[in-house]
Each structure stands twice: as C-alpha cells, then as structure tokens.
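1. got a sequence here, can you model it:
(3 chains)
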Amino acid sequence: MRPTVVFMTDFGSGGGAVLAGVVRSIDPELGVYDFDHNIEPYNIRQAAYQLSTVVPYWPAGTVFVSVVDPGVGTSRKSCVARLAHGSYVVTPDNGTLTMMLGEIDEVREIDEDANRLPGSEDVHIFHGRDVYSYTAGRLAAGMIDFEGVGPAYPVEKVVRLALTNIVPHLGTGWAEGGIYNFDVPYGSARINIRNREFQQVAGFAYGDLFHVAVMDGDRLIYEGEGRYGRTFGDVEDREAFLVGDIQPGERQMLRFNTCDNFIKAHAPEIERDQSLTVDWRVRFERP
Amino acid sequence: MRPTVVFMTDFGSGGGAVLAGVVRSIDPELGVYDFDHNIEPYNIRQAAYQLSTVVPYWPAGTVFVSVVDPGVGTSRKSCVARLAHGSYVVTPDNGTLTMMLGEIDEVREIDEDANRLPGSEDVHIFHGRDVYSYTAGRLAAGMIDFEGVGPAYPVEKVVRLALTNIVPHLGTGWAEGGIYNFDVPYGSARINIRNREFQQVAGFAYGDLFHVAVMDGDRLIYEGEGRYGRTFGDVEDREAFLVGDIQPGERQMLRFNTCDNFIKAHAPEIERDQSLTVDWRVRFERP
Amino acid sequence: MRPTVVFMTDFGSGGGAVLAGVVRSIDPELGVYDFDHNIEPYNIRQAAYQLSTVVPYWPAGTVFVSVVDPGVGTSRKSCVARLAHGSYVVTPDNGTLTMMLGEIDEVREIDEDANRLPGSEDVHIFHGRDVYSYTAGRLAAGMIDFEGVGPAYPVEKVVRLALTNIVPHLGTGWAEGGIYNFDVPYGSARINIRNREFQQVAGFAYGDLFHVAVMDGDRLIYEGEGRYGRTFGDVEDREAFLVGDIQPGERQMLRFNTCDNFIKAHAPEIERDQSLTVDWRVRFERP
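-> Below you'll find the predicted structure:
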C-alpha cells in the first residue's frame, strides 16, 4: 500500500489538479488527496493552524504538501519536516510549521538541483508543482529517502510565527491567555489555555459561570458573563460561552464565543487580519 | 476491493481532511471521497436533497457520512441507515434522511460507547470526526458489522422534514403540487409532481403550452405562461418553462423556472430560507 | 492499475459526486479525481485554459471529463478527443479544446445511443452524468475502445474559440501580442508571446526594463514602465512587471501584471467578461 500525498494551498478552486498529476505521473499507485485550496491567500497563520488539526489523524508515512508561499522565488528555504509519528510535511519554511514544532523529528532543506521536475528548469514561479509536489511524490514512492531531500538543519532554526505574545497564566478562580486562532465563520476565538489546567489549576467545572474580559493593552474589546460547558447545547443561556476545543487530551485548548458571533459583533477588524490579536489578552474569572 | 467512505458536511472548505484521515488510519486501503463540504450551514433540507441525488449512483456497500448537525451535543440520535441497494448513511437523525425514507431497510442508533475514536472521550463538539467517521470507517473496513453500530429502531421513527405540505393532485388538463427543493444558482423550483403522471394523467406532451400560478395561500407569487419540453433548448420561447428533472423513471419530477431566474425575479426571500415555501402551491393548466 | 477519470465542471460545490458515482459503479477500481467544479458558469474560455494547464501533467491513459456546456440539449456535438500523449478528453465540442488543438490525435463524436447510462433515456438535461461520465468510465475501464465512442470526424472541425485576435509580432527591442487568459485573483494577464522569443528575437534579458502600452484599438488602457525578471521577487521595484509563465520550454508564454493588480486597477470590466479583450494589443519596448 503506497502512502497518500495530501495537498493544502492558497491557489483557489482547482489548484490541486496539476500537483496531483505530477505525483501520479511519478507513480500511478500513489494516493492523492486535496485537503484545501482555499486557504486565504498568503495567510500562513491559517495554514499553520489547519495543518496542525489534520496531520495527526492521517497514517504514518503520509506526505503533506503545504503551499502558502508569499515568498516564492525569494530566499526563504523550501523544506521537508519529518514528524515524530512518521509523516512528512513539504512546505516553504515560512511559519507554516509553527504549530507542529514540538513534533518535528528532523528537518531538511530541499536541494532544488536534485529535486526538480525535469523540464521545469526555466519556470521560476511554480515551486508548488515543480519542486514541492515532485519531491513529495518521489519521497512517497520511495524513489528518494529522507536524506535525498537535501541537507538537514537544526529544528530550532525553523521559522516560528508569533501567533500570540501572551503566555497563559492560571491561578485559583482565574485564567488568562492569548488568542492563537479564530474559527472565522462561527466567530469563535481559540485561547492558549489548556482545558485540563482550566479545571485542575483554575478550578472551573463544566456548568460554572465566568466573567470574561478581552483587552488589547489598555483597550477593552469585550466584557461579559458566560457559562463554561461540555458542548454548545449546555451553555446557550448566557451571552458568552466557553467549551473545550476539538483536540483531545493534553492538547485540548479552550474555545470562546459569544451568542452574537464574537468576531462579527466585537472584533470585525480581525476578519481582515488575524494577526491584529497577537497582543490581546483574555481573562476569565469567577463572577 | 474495499468500499469508499463519502463525506458531506457544512464544515466549509477543507472540512473533509480530518474525517478522511480518521478513515484512512483505520484502514489505509479504504477509499475516501469528498462529496461536498459547502452545504449551507445547518441547512438540513439541502443536505437531504443533495444526498438523495447521489447515493443511488454509487456502488452497493458505499458508506456515506453526512454531518449537517445543528444539534451536535444535544439529544438528537446519531444513526446509520442501511439502504435497500446495499449502501449505508451515517448521519444525525435530524431530517437528513427525509428523501430516502422509502429506501431504508433498517436503521440503528450509534452506540457511542462502543463506537468512538479512542482518545477522543473528552471532546464533545466534533462527532463528525470522533463518532461518525470512526463508525463509518470501521463499518466499511468490516471491523464491525451493521449490528455492531448499536440498537435498531423503527424506520417509522426516523425524523422526517416537511419539505412541502402540498400533496400533488392531477386531473385531465391540470396538475397541482408543492415545491420540495430549489436549484438556487439557476433559480429552478423542483415540484413534487411526477413527470410521467404529468403526461399520463394530466395529458401534457412535450411541446405543449401551459398556464402556471404559484400561490402562498391566497397570495399570488407568480402567474404566467410557459412551454413544457424535453430540455432547455426546446422551451426558451416563453417566459416560463418546465422540463423533467434529473432523476430517471418513476422518480422523475418536474422542474420549473422562468427565463429571468424564478428565485431571483419572483421569490428572492427563499434564498435566505427555503423552508418558507412549505405551503406554496403550484398549479399548471392548459392555457 | 486502472486509469483515473478526472472531472471539471461548472456545477458548483458538490458537483462531482454523482459523476464519480457513475464511474465507480462501472468499475469500482477506477480512480476518480475532482479537478474543479467552480468554473464560472458557462465560461468556456476559462475551462479551455484550466484544462490545458493540467492535462499534460497526468499519466497517459487518464480520461478527463469537462462539462461547461451552455448548449446542453442543443445540436452541439459531444466528443472524445484522444491526445498525442495518450490521454482522453470527454467534452462538448464547444471550444473547450481550443488550447489543446495541436495535441489532438483523433476526435470522435459520442454515439449517444450506444453510450448512455442505462435507465437514463428519459432524462434530457444531465449529459454530464448520463453520457459523458458513463462514456469516460467505460473507456477508462476498457469496456469500450476509442472506436466504440462513435464516428471519427476531422480534427479541423473541432470548435475553436478566438481567445485573442492579435497575432504576436517581435523585432529587435520590441514585442507585441494579445491577451489569451487572465489569472483573475492576482490580476495577471497572459500574453501570447513566447518567453524564449522575447529573449532571442526581441533581445530582452532578465533584469531589463521595458515600456508597455495596452491598447483596445485606439483606446489606451494602460501605459507604464516595468521590469522583466525570473520571478516576482526580482521585479517589484517598478510599477509593472513581466515574468515567464508556468509552462516550461517552448510553451512558456509571458505573464504581465502591475503592482496594483492589473485587472482591478486598470481593467475591472474584464472580471465580468474576459472575452472583452480579444482585440486588446500589448506592446513592450525598450524604454
């Protein structure tokens, strides 16, 4: 059974077909899967989040290709990261790996002389096809091994985006953290406070009420009262609500929203630019 | 040859990747196929229609996963329906099966204790991944049989949406029915009158003219004259037109439109909410 | 290893599922791949371009199904083209093949009596499912050979769209051509001047400056100065820029843009209708 190559880009609808063709032409038995080609153009933060929610759920050996690459043709590195659980991510080293840094086993810079679709040497604007998909396909097919990608470099040098500058803090009856991602259509904010610690350190239990304040430095963005619960059905009796997010176990963070869609009602500017919230601070406490 | 698991959700672009990963991690040889992740959020009527047009065309044994689930985390049942022709539908029992009720052989409620992705016990907001895709994958892989899903319950108890309250009636020279679905981009209304009966009972033949009135109780929505034909090219000489829809044989219904896009020109409010038309009555008669 | 059937349509999100089902019901081992279902409705020019960029990258034997078909149910031919490198395109003969005419080996009109999904005889509005996908699936599965599609007709009779009426001309220090396609989101215009000839005949080298004028007959659309380079990073110091496009070798054309998005800033009307530019003339010369 050959592994699958999974594609995520900001190329828009139809953007995967030529990438999949390159992979299938390398080995017609490779699986191909289009994860998403509608990442907002150049939105590396969104790419980083999306990738981190999907990669752990695919079998070891899967090769992910992520092409959200504002710097195509500049000096940013092209790399392949091998993850601890055995999958690979082929991507520009531009922050896309931010949320998986802890799981990277080894990272290698793609040697583009050795790993480039034959005949594409005179094309300089389509690395996603000519370098990334070609490298991914040959790696998945076993035509090159991981060493064949190119030289290794220190994992510490992989580019890391500051999703939020706020380090989470918790004490009895309160917890404070930053926003590392938004679920735009629904308006939820993802908070970098672990759900387990919210219970074990701050002492909250499902069903409890909380007071919340969202601050951008000294500026109050939102203040209100809400309920903390297992799922949406449990918490709709208050204006604000808080549940555990979609990751299981240790990785489960908090997910915050208001009944009127937090983004639309209280922070519409971040629809244009999610990085505006890197310094926003969210504080929950017992009312 | 392993069966394919086919996904339909309202998760938006990229929504299938984690579901497909769960299925592939169960058995890397299972097929996965993304039907659609752009169902309008919470629009169960649209899900019900879309599913009914696709399910009969896939091979027996295919496992469909439909997640349009406004009630995630509430008391609505999660179920698997086995269809007469041998395929399965994994879905919240919330009306999604409305247009396939006649084809359900047996339905079982998912026992979530037995059928939940290991390690996901503390996640309460992602049944599509943790329960539905996991159950679908194990069923498709033969790791559980249909009994292993959970307890059977009467097919009569499956939730049915009232797509239209109007029962079709036909007589010589006339036919009356309700609207059970819209093809929004093109503006067509799907009428619950069988094309065969329109010919055999009402006596219309391709090429005939008709008078049409669309009523919401006593309120006239639209009135006009049109031509009934085989295909669009045959009928464009009149303001309104009527053709047989995309289902073959007994299941072929009528599809009605006006040259100026019926929805946009005469019923724009239903773009927001298709359920507004449950009591609309459409009457065709010889002019 | 069975070949893959690749689908491109203007049916919108979810439009491939029933087509893929038809193919899989013919032979469950056939591959299916959804290239794109968001072609702008009825935009044959876009279909022609998209297809031409993807087809050469898939393995020989791949069967492409393109359904952008304003004329469904009228007298336009349904055809299958066999390409020199061994793949097939199933499409209405309505201009979709315009950019691949030079690669067509043989073309056959689909005999719809022999090649129609059994039971679909009374459906007249869904050729994409009942004729095209059915024919593609049987061809891919080897149930019919190419002759089994229907009668051959001269390749010269295949419908050709005039993407641009401007024939490219080049001389020392200048080059003039037409616009044959736009990359709408980014605003680039694709010019029918070969990149190699721009260097070898007109004498431009990467890094050179140019003066450009875009004319619609006597009307000046845009005039400015720009830089010609390998990739975007090399040319951003001027208002306009020009790079080689994504095709390699002989097929590499020029791709022109301005830093403010050429379409949005200087030609917004063509977002609605790309065919408005068939007579536009683009002239580059040394400043």
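2. who does the helix or strand that contains residue A:256 pair up with?
-> Assigned by DSSP states H and E, residue A:256 falls within strand A:253-258. As defined by DSSP bridges, the strand partners of strand A:253-258 come to strand A:188-194 (antiparallel), strand A:240-244 (antiparallel).
3. run me through the strand neighbours of the helix or strand where residue A:8 lies, direction for each.
-> Assigned by DSSP H and E, residue A:8 belongs to strand A:4-9. Strand A:4-9 sits in its sheet next to strand A:31-36 (parallel), strand A:63-67 (parallel), going by DSSP bridges.
4. helix or strand next in line after the shortest one, which one?
-> To tie it back to what came earlier, the one meant is strand A:63-67. Later in the chain than strand A:63-67, the nearest helix or strand by DSSP H and E is strand A:78-83.
5. what's the answer for the longest one, then?
-> As assigned by DSSP H and E, the chain's next helix or strand after strand A:31-36 is helix A:44-54.
6. ok now that next one, how far from the chain's centre?
-> Counting by Cα atoms, centre = their mean, to the nearest Å, helix A:44-54 is centred 2 Å from the centre of its parent chain.
7. ok, back up a step: can I get the strand holding residue A:8 in CSV? Just the C-alpha atoms.
-> C-alpha atoms of strand A:4-9 as CSV (Å, rounded to 0.1, in the frame of the first residue of the first chain):
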residue,chain,number,x,y,z
THR,A,4,-1.0,9.3,0.1
VAL,A,5,0.2,12.8,-0.8
VAL,A,6,-2.1,15.4,0.8
PHE,A,7,-2.2,19.0,-0.7
MET,A,8,-3.1,22.3,1.0
THR,A,9,-2.6,25.6,-0.8
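8. let me see the domain layout of chain A.
-> Using automatic domain parsing, the domain ranges for chain A come out as A:4-157, A:169-285.
9. ok, the closest residue to residue A:83 other than its chain neighbours - contacts?
-> Closest residue to residue A:83 apart from its sequence neighbours, by Cβ to Cβ, 6 or more residues apart in numbering or on different chains: residue A:103 at 4.8 Å. The way it works is simple: take the backbone N, C-alpha and C, and place the C-beta from them, glycine included. When contacts are counted by Cβ atoms under 8 Å, 6 or more residues apart in numbering or on different chains, residue A:103 touches A:83, A:84, A:85.
10. returning to what we had before: could you dump the strands paired with strand A:253-258 into CSV and include mean pLDDT, mean neighbour count and distance to residue C:16?
-> Putting the strands paired with strand A:253-258 into CSV (pLDDT from 0 to 100; neighbours: other Cβ atoms under 10 Å in any protein chain shown; distance: least, Cβ to Cβ, whole Å) gives the following:
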stretch, mean pLDDT, mean neighbour count, distance to residue C:16
strand A:188-194, 96, 23, 30
strand A:240-244, 94, 25, 34
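11. kindly reformat the ones you listed as a markdown table containing distance to residue B:90.
-> Below are the strands paired with strand A:253-258 laid out as a markdown table (distance: least, Cβ to Cβ, whole Å):
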| stretch | distance to residue B:90 |
| --- | --- |
| strand A:188-194 | 26 |
| strand A:240-244 | 24 |
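12. for stretch A:243-256, buried residues please.
-> Of all the residues in stretch A:243-256, those buried under the rule 16 or more other Cβ atoms under 10 Å in any protein chain shown are A:243, A:244, A:245, A:246, A:247, A:248, A:252, A:253, A:254, A:255, A:256.
13. what does it rub up against?
-> Stretch A:243-256 is contacted by residues A:53, A:177, A:180, A:183, A:188-196, A:198, A:212, A:226, A:228-232, A:235, A:240-242, A:262, A:282, B:119-126, B:129 when judged by Cβ under 8 Å, 6+ apart.
14. which residue ends up closest to the midpoint of chain A in space?
-> When Cα atoms, centre = their mean is applied to chain A, the residue found nearest the centroid is residue A:49 (1.5 Å).
15. count of residues packed around residue A:75?
-> The local packing of residue A:75 (other Cβ atoms under 10 Å in any protein chain shown) involves 6 other residues.
16. look up phi and psi at the residue in the stretch 51-200 of chain A positioned nearest to chain B.
-> Taking Cβ to the nearest Cβ, chain B has its nearest neighbour within the stretch 51-200 of chain A at residue A:57, 3.4 Å off. Phi and psi for residue A:57, reported as degrees, to the nearest 10, are phi -90, psi 0.
17. list the contacts of the nearest residue to it once chain neighbours are set aside.
-> Excluding its sequence neighbours, the residue lying closest to residue A:57 (Cβ to Cβ, 6+ apart) is residue B:21, at 3.4 Å. Contact analysis of residue B:21 by Cβ under 8 Å, 6+ apart lists A:54, A:57, A:58, A:59, A:62.
18. could you redo the last one with a cut-off of 10 Å?
-> Counting by Cβ atoms under 10 Å, 6 or more residues apart in numbering or on different chains, residue B:21 makes contact with A:4, A:6, A:33, A:35, A:53-59, A:62, B:32, B:129, B:133, B:137.
19. pull out the buried positions in the top strand by length along chain A.
-> Longest strand in chain A by number of residues (criterion: DSSP state E): strand A:219-229. Across strand A:219-229, burial judged by 16+ other Cβ under 10 Å covers A:221, A:222, A:224, A:226, A:227, A:228, A:229.
20. run me through the strand neighbours of that strand, direction for each.
-> strand A:209-216 (antiparallel), strand A:240-244 (parallel).
21. buried residues in the first one?
-> Using 16+ other Cβ under 10 Å as the burial criterion, the residues of strand A:209-216 that qualify are A:210, A:212, A:214, A:215.
22. which single one of the residues you listed is nearest to chain C?
-> The closest of those to chain C turns out to be residue A:214 (Cβ to the nearest Cβ; 33.0 Å).
23. quick one: that closest one and residue A:281 touch, right?
-> Yes: with contact defined as Cβ atoms under 10 Å, residue A:214 and residue A:281 form a contacting pair (7.4 Å).
24. list residues touching both of the two?
-> A:179, A:221.
25. roughly how far does residue A:19 sit from residue A:150?
-> The gap separating residue A:19 from residue A:150 is 20 Å, by Cβ to Cβ, to the nearest Å.
26. of the two, who's got more company?
-> The residue with more neighbours, out of residue A:19 and residue A:150, is residue A:19; 28 against 21, by other Cβ under 10 Å.
27. so which residue of the stretch 151-287 of chain A comes closest to chain B?
-> Nearest residue of the stretch 151-287 of chain A to chain B: residue A:231, at 3.0 Å (Cβ to the nearest Cβ).
28. endpoint to endpoint, stretch A:272-286 covers what distance?
-> In stretch A:272-286, first residue to last residue: 33 Å (Cα to Cα, to the nearest Å).
29. make that stretch A:155-164, sorry
-> Using Cα to Cα, one end of stretch A:155-164 lies 21 Å from the other.
30. check whether that stretch comes near chain C.
-> No: Stretch A:155-164 stays clear of chain C (Cβ under 10 Å from any Cβ of the partner chain), getting no nearer than 16.9 Å.
31. can you list the residues of the stretch 101-250 of chain A near chain B?
-> So the stretch 101-250 of chain A meets chain B at A:183-186, A:195-196, A:206, A:229-235, A:243-249 (Cβ under 10 Å from any Cβ).
32. specify the beta-bridge partners of the nearest residue to the residue nearest to the centre of chain A once chain neighbours are set aside.
-> With sequence-adjacent residues excluded and distances taken as Cβ to Cβ, 6+ apart, residue A:49 is closest to residue A:181, at 4.6 Å. Going by DSSP bridges, residue A:181 is paired in beta bridges with residue A:190.
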